[in-house]
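1. Sequence and predicted structure are below.
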Amino acid sequence: MRLDRRALLAGLPAAAFAPAAFGQTAAKVAVIGGGFGGATAARTLKRIAPELDVTLIEANAEYLACPFSNLVLGGLRDMAGQRFAYAGPARDGVHLVQARAEAVDAAAKTITLADGAALSYDRLILSPGVDIRWGALAGYDEAAAEPMPHAWKAGPQTALLRRQLNAMADGGLVVMTAPRAPYRCPPGPYERASLIAHYLKTEKPASKLLILDAKDDFSKKPLFLQAWSELYPDTLEWRGASADGRVSRVDPQTMTIETDFEAFQADVANIIPPQKASAIAERAGVADATGWCPIDAVSFESTLQPGVHVIGDATIAAPMPKSAFSANLQGKICAIQVARLLADLPAEPTLLANTCYSFVAPDAAVSVSGVYANGAGAFAEIPGAGGVSPLIPEPGGRAEEAAQARDWYAAITAEAFG
Amino acid sequence: MIVRRLTAAISVAFVAGCGGEPGDAAPRADGAPSSLSRAASLAAACSGCHAATNESIARLDDLSAEAIAAALAEYKADAVGTSVMHRLARGYADADIALIAEYLGAEEP
């Protein structure tokens, strides 16, 4: 039976391989989470397998993008440029369900929504993003995120931190804390520090920014250190873990941030706390004891729950970073593999890539790239490929990468949402 | 200068192909249509950057398979190039470059 079907498929165009062609109901794929991963996966499925019944479940009517939100914090960009509705997925024939997914029963293949409604699926793609690990840093609970915003999910937190920076008097101290890996957007804290430092240097030149870091090494470190010493030598100070940079406790009442040996009184505090896969991942049973989601690197299927594929920041996919680029590409690759599995074809190994641009000033950016194979049981960086921008750029090189970053943002948001 | 020209030569068929089926429609050896092929999954890496609206990153939708293959091969062969495309091209075998170029080039503007 299977052989016959395969032989039949071989003579048919792509549109004919879905079960509908065999007189059955179209296979149902549900996607939970309308970020760069989920929105892209849903659209890609409709493009490559139009017969599939694809539903995107997302709690919000609009997505608020994290990439480029550091420019908002630096006063260089309006929040409106971070907002995306789901016109593109809707136009492509994706069913949009605006609701919070409360639970997933992987054995019954059903999703329960916040209003109690149930949805069934043949395969589920979960693109849940991250949640803050409240309390993992002593003193940093949900209430603390008002006086000490994390701004690590774009939206009200971004606006709040921007207001606090605006309201701070010249001569103030901004303290930013960076967590140990893994966390969303590895170079993100350092791009943010650069753009806040630019704002302070330009508008409040007597002010300082202190970065307290739980680690000694970070993405694009030599490039950031170079930019900071050239551009913000009197404004920005970075302390790594071995220089007593690891924060042990915060007190939002007194705006105090403590390391092992020192305490700092901040006028503005940006606490980037430890993170984990979003709560729905835990409720679906796809997160392990680390808080993140183990997956098969080829199919993105959870190793804990069959039929549930996980993509984006929530996954354990190192050395692929938790970036919008990674989530978007994983969405496309996962869509292809889900469509293959629904057509009784095996998932197929491929190469994946990533590029992350980081602004170090309004018109200067640096980048890191990587290429990854997924055929040997995990993601593996291709030796000799990838790497970072040169320390000594060609003339105009940093400006060129800033222009590329803007093109990238336009392209990836259009592919996911536009 | 060369980097600029090459960058301008590489672009996006996958995005431009939203309305139709990217690549040719011929099924592969495993019975998979080309949209589910390894060429499709390899080429999926391109469309996150290379869109038709780009100014600084080239668009691919008006390039032939030959032009895409030549540009990628030149990036890969340039041992001292430092652009994003130089760094990425070094990760792809010649056969993979051929698959990507054929897949993207098959998308007519």
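-> Great, that's in hand.

2. residues touching A:Ser194, list them.
-> A:224, A:227-228, A:231-232, A:236, A:358-361 (Cβ atoms under 8 Å, 6 or more residues apart in numbering or on different chains). C-beta: built from backbone N, CA, C; applies to glycine.

3. for it, phi and psi?
-> Phi and psi for A:Ser194, reported as degrees, to the nearest 10, are phi -60, psi -50.

4. In a markdown table: the contacts of A:Ser194, plus pLDDT.
-> Shown next, in a markdown table, are the contacts of A:Ser194 (pLDDT from 0 to 100):
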| residue | pLDDT |
| --- | --- |
| A:Phe224 | 98 |
| A:Ala227 | 98 |
| A:Trp228 | 98 |
| A:Leu231 | 98 |
| A:Tyr232 | 98 |
| A:Leu236 | 98 |
| A:Ser358 | 98 |
| A:Phe359 | 98 |
| A:Val360 | 98 |
| A:Ala361 | 98 |
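
5. Of the residues you listed, which is the most crowded?
-> With neighbours taken as other Cβ atoms under 10 Å in any protein chain shown, the top of the contacts of A:Ser194 is A:Ser358, carrying 30 neighbours.

6. what's the spacing between that residue and chain B?
-> Per Cβ to the nearest Cβ, to the nearest Å, A:Ser358 is found 13 Å from chain B.

7. so where's chain B shaky on pLDDT?
-> Along chain B, the parts satisfying pLDDT under 70 run over B:1-29, B:108-109.

8. Just the ones of the contacts of A:Ser194 in strands?
-> In strands, judged by DSSP state E, the following of the contacts of A:Ser194 are found: A:236, A:358-361.

9. Just name the closest of the residues you listed to chain B, please.
-> Of all the ones in strands among the contacts of A:Ser194, chain B sits closest to A:Ser358, with 12.7 Å by Cβ to the nearest Cβ.

10. residue ranges for the helices of the stretch 1-150 of chain A, please.
-> A:2-10, A:36-48, A:69-73, A:87-91 (DSSP state H, counting those that start in this stretch).

11. related to what we said a few turns ago, in a markdown table: the contacts of A:Ser194, plus distance to B:Ala95.
-> Shown next, in a markdown table, are the contacts of A:Ser194 (distance: Cβ to Cβ, whole Å):
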| residue | distance to B:Ala95 |
| --- | --- |
| A:Phe224 | 37 |
| A:Ala227 | 39 |
| A:Trp228 | 43 |
| A:Leu231 | 44 |
| A:Tyr232 | 46 |
| A:Leu236 | 46 |
| A:Ser358 | 33 |
| A:Phe359 | 37 |
| A:Val360 | 38 |
| A:Ala361 | 41 |
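
12. Relative to chain B, how far out is A:Glu394?
-> A:Glu394 is 7 Å from chain B, where distance means Cβ to the nearest Cβ.

13. I'd like the mean pLDDT over stretch A:48-67, please.
-> Computed over stretch A:48-67, the mean pLDDT rounds to 98.

14. now do the same end-to-end measure for it.
-> For stretch A:48-67, the separation between the terminal residues is 27 Å (Cα to Cα, to the nearest Å).

15. Spell out which residues sit in contact with the residue in the stretch 151-300 of chain A positioned nearest to chain B, please.
-> Residue nearest to chain B within the stretch 151-300 of chain A (Cβ to the nearest Cβ): A:Val298, separated by 9.9 Å. By Cβ under 8 Å, 6+ apart, the residues touching A:Val298 are A:337, A:347-350, A:374-375.

16. filter these by proximity to chain B?
-> A:337, A:348-350 (Cβ under 8 Å from any Cβ of the partner chain).

17. between these, which is closest to chain B?
-> A:Thr350 (3.9 Å).

18. Now do A:Leu391 against A:Pro222, distance only.
-> A:Leu391 sits 6 Å away from A:Pro222, going by Cβ to Cβ, to the nearest Å.

19. And for B:Leu42, nearest residue in space, chain neighbours not counted?
-> Nearest residue to B:Leu42 in three dimensions, chain neighbours excluded: B:Ile100, at 5.1 Å (Cβ to Cβ, 6 or more residues apart in numbering or on different chains).

20. who's in contact with the helix or strand where the one you found lies?
-> Secondary-structure assignment from DSSP states H and E places B:Ile100 in helix B:94-105. For helix B:94-105, contacts defined as Cβ under 8 Å, 6+ apart pick out A:351, B:12-14, B:22-23, B:34, B:37-40, B:42-43, B:46, B:60, B:63-69, B:72-73, B:76, B:89, B:92.

21. secondary structure element for B:Gly91?
-> Counting by DSSP H and E, B:Gly91 is part of no helix or strand.

22. Just give me the neighbour total for it.
-> Neighbour count for B:Gly91, taken as other Cβ under 10 Å: 23.

23. what's the answer for A:Gly116, then?
-> 7.

24. Please apply the same query to A:Asn354.
-> So A:Asn354, with other Cβ under 10 Å, has 26 neighbours.

25. Per-residue pLDDT of A:Gly74, please?
-> 98.

26. quick one: contacts for the closest residue to chain A within chain B?
-> Closest residue of chain B to chain A, Cβ to the nearest Cβ: B:Gly91 (2.7 Å). Contacts for B:Gly91 (Cβ under 8 Å, 6+ apart) come out as A:351, A:353, A:370-371, A:382, A:384-386.

27. Repeat that for A:Ile57.
-> So A:Ile57 contacts A:30-34, A:97, A:99, A:101, A:111, A:113, A:119 (Cβ under 8 Å, 6+ apart).

28. Swap in 7 Å and give it another go.
-> Residues counted as contacts of A:Ile57 (Cβ atoms under 7 Å, 6 or more residues apart in numbering or on different chains) are A:30-32, A:97, A:99, A:101, A:111.

29. same deal with A:Arg133?
-> A:Arg133 touches A:273-276, A:291, counting by Cβ under 7 Å, 6+ apart.

30. Show me which residues of chain B are close to chain A?
-> Within chain B, the positions adjacent to chain A are B:15, B:18, B:21, B:25, B:27, B:30-33, B:35-36, B:38, B:40-42, B:44-45, B:47-51, B:53-57, B:82, B:84, B:87-88, B:90-92, B:96 by Cβ under 7 Å from any Cβ of the partner chain.
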